[in-house]
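Novice: need a 3D model of the following:
(one chain, ligands or ions: 1)
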Amino acid sequence: MRLKKRILLSIILCLLVPLVVIASVVWLILRFQVQLISVKYNVNTNMIEVIQNSPSIFEGLAKDNYRELLETVTANPSRPEDTAWIRQKNEELSDKDSFLCLRVDGEIVYVGDQAFFDTIAGELPEYSGAESVDEQSMFVEGQSHALIRQIDYLTPEAKEASLFIITDINHLLPQLKHTIVEGAVALLVALTITTVIVVTLLYRSIVRPLTTLSVAANQIRDGNLDYEIRESKQDEIGQLQRDFEAMRLHLKEMTREQLRFQQDSRELLANISHDLKTPLTAIKGYTEGLLDGVADTEEKQGRYLRTIHSKATDMERMVEELVFFTKLEQQVMTYNFREIRLQDFLNDCIEESRLDMERDGCTISCSEPGRADLTVVFDPEHIKRVLGNIIGNSVKYMDKKEGQIDIRVQEEDDRVWIAVSDNGRGIPESDQQHIFDRFYRGDSSRSTKKGGSGLGLSIVKSIVEAHGGTVGVESKEGEGTTVRFSLPKMKSTAGEPESETDGGKKWRKKKNKKS
Ligand code: ADP
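Specialist: The predicted structure follows:
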């Protein structure tokens with residue numbers, strides 16, 4: 001459940017539960033009280049009446065007795081002065097907390113309960129006329145609380161007489177007061193229970209996950225990137241925990257990459273130093289041979305010089321690769337885009353490398369050169385380096401006597417694919433996804449003298465992507481490898497030349513650093 005919904009529900013619960021509980025408790029208490037009152041005072045009332053009009057309870061008190069007395073007194077006004085009769089009626093009223101009182105000509109001639117009567121004595125209403133019949137009772141508050149019903153009549157001697165039914169309601173009022181106090185206590189209890197439940201629920205759904213997050217953050221601060229948070233809740237805090245977990249994984253990956261990069265850089269330095277040292281030693285040896293006259297024939301001297309040249313070329317390539325790599329690291333690369341006829345460009349590249357290929361026992365061809373008039377916008381120097389690196393690898397990792405390297409061009413709507421295939425040793429499937437990573441070297445590269453720096457294909461990828469293209473590889477161990485890259489037919493939006501065929505105006509493109 002979303003946090004917003006949960007908080008809303010909690011507020012509703014906080015309001016609703018106490019209301020329901022208090023309503024139920026008050027209802028039960030009232031029912032019980034009303035039943036008690038009904039039985040005791042013979043009041044014919046119900047819950048609704050009590051709630052709508054509470055004084056109605058009092059109205060019903062001893063009403064039946066009142067009517068009976070009224071009837072008797074009206075029919076026989078001398079009856080109340082019959083002591084036996086009045087005592088009997090007084091007796092009938094006693095279990096309703098009531099008693100009779102008779103006043104004749106202003107003098108009290110009978111009182112059923114003298115003690116209680118004394119507490120309200122001065123409060124008795126005046127005689128108001130025999131003809132006025134008032135069923136309503138009267139609330140009197142002296143030292144005690146009482147309810148009085150009054151029957152006024154004239155005695156046979158024409159004296160003004162009043163017969164009172166006095167009801168002691170001092171027991172009834174506290175009962176009602178108790179109901180209110182009990183209701184208030186029930187409300188307090190209900191509020192406390194609901195608040196405890198709601199706060200516990202909120203604590204569990206908000207504070208606990210936040211504590212987990214805080215612990216995880218501390219772990220990460222202390223360098224423990226393996227501290228995992230498992231969360232399946234769908235609310236905002238669950239989302240926060242998932243984001244946190246994603247951040248942790250990203251940080252872990254970055255740290256791993258950084259460590260690998262440092263390791264690879266150290267390895268590269270060691271490799272380059274070693275690789276530079278080998279041709280340097282050879283050049284030194286052959287030069288000394290020339291100086292010392294060991295190469296005493298023209299043919300020998302020519303061979304020595306060619307070897308020196310070849311070793312110097314290797315060194316040049318290595319240094320170039322290093323310079324290029326440094327530029328990549330600095331994230332600044334200069335491109336010089338031009339519109340080039342692809343077929344001519346490929347033929348030139350092939351011709352340039354044909355002699356070296358043949359020397360290494362490989363033949364190179366271009367079985368599908370593409371349309372003769374197909375032009376593509378690219379930086380020829382950089383794409384030559386791309387082809388050089390790919391073809392160089394084909395030669396480097398060739399394990400067949402008759403190595404064959406083939407170039408094919410395939411056109412798509414908006415791009416051109418250039419594929420270089422060889423029949424070399426192939427790349428293990430597990431290596432294929434890594435070969436474009438910087439410093440990645442397969443086993444074949446590590447275990448042979450021909451191995452390079454592990455930068456060749458990452459440079460290929462960087463250059464191709466800077467042109468707006470992509471690279472890919474298909475390979476089968478023992479059968480061969482095809483490395484293919486695409487170039488957009490029109491110049492990429494990666495950078496804009498000042499003129500499409502400006503023949504060499506340069507611009508710079510910032511590249512994102514890849515770890
Ligand atoms: P290196 O300097 O090691 O050649 P590259 O980045 O050029 O680095 O290539 C990465 C790895 O890909 C190589 O170490 C090699 O294992 C593998 N590789 C690349 N091209 C080929 C190929 N044509 N045949 C077999 N393996 C290849």
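
Novice: now the end-to-end length of stretch 408-422.
Specialist: 12 Å (CA to CA, to the nearest Å).

Novice: buried residues in that stretch, which are they?
Specialist: Neighbour counts over stretch 408-422 (16 or more other CB atoms under 10 Å) mark 408-409, 415-422 as buried. In short, each C-beta sits where N, CA and C put it, glycine included.

Novice: strands - which of those residues land there?
Specialist: Taking DSSP state E, the ones among these that sit in strands are 408-409, 415-422.

Novice: which residue does the stretch 301-450 of the chain have closest to the ligand?
Specialist: Nearest residue of the stretch 301-450 of the chain to the ligand (CB to the nearest ligand atom) works out as Gly442 at 2.2 Å.

Novice: with the stretch 101-250 of the chain instead?
Specialist: In the stretch 101-250 of the chain, the residue found nearest to the ligand is His250; the distance is 25.7 Å by CB to the nearest ligand atom.

Novice: secondary structure class for that residue?
Specialist: helix (DSSP: H, G, I helix; E, B strand; the rest coil).

Novice: TSV please, covering the ones in strands among the buried residues of stretch 408-422 and showing distance to the ligand and pLDDT.
Specialist: Shown next, in TSV, are those (distance: CB to the nearest ligand atom, whole Å; pLDDT from 0 to 100):
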residue	distance to the ligand	pLDDT
Arg408	15	96
Val409	19	96
Arg415	22	93
Val416	21	95
Trp417	17	96
Ile418	15	97
Ala419	12	97
Val420	8	97
Ser421	9	97
Asp422	5	96
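
Novice: most widely separated two among those?
Specialist: Spanning the widest gap among these are Arg415 and Asp422, at 23.0 Å by CB to CB.

Novice: ok, Val294 - contacts?
Specialist: Val294 sits next to 288, 300 when contact means CB atoms under 8 Å, 6 or more residues apart in numbering.

Novice: mind listing what's buried in the one helix or strand Gln219 maps to?
Specialist: Taking DSSP states H and E as the criterion, Gln219 maps to helix 208-221. Buried residues in helix 208-221, counted by 16+ other CB under 10 Å: 209, 212-213, 216, 219-220.

Novice: could you look up the SS state of the residue sitting furthest away from the middle of the chain?
Specialist: Going by CA atoms, centre = their mean, the residue of the chain most distant from its centre is Glu157, 96.5 Å out. Of the three states, Glu157 takes coil under three-state DSSP.

Novice: mind checking pLDDT for it?
Specialist: At Glu157, the model reports a pLDDT of 89.

Novice: distance of it from Glu81?
Specialist: Separation of Glu157 from Glu81 (CB to CB, to the nearest Å): 10 Å.

Novice: repeat for Gly468
Specialist: Gly468 is 125 Å from Glu81, by CB to CB.

Novice: where along the stretch 51-200 of the chain do the strands fall?
Specialist: 98-104, 107-111, 138-141, 145-154, 160-168 (DSSP state E, counting those that start in this stretch).

Novice: list the buried ones in the longest one?
Specialist: Taking 16+ other CB under 10 Å as the basis for neighbour counts, the residues of strand 145-154 that come out buried are 145-153.
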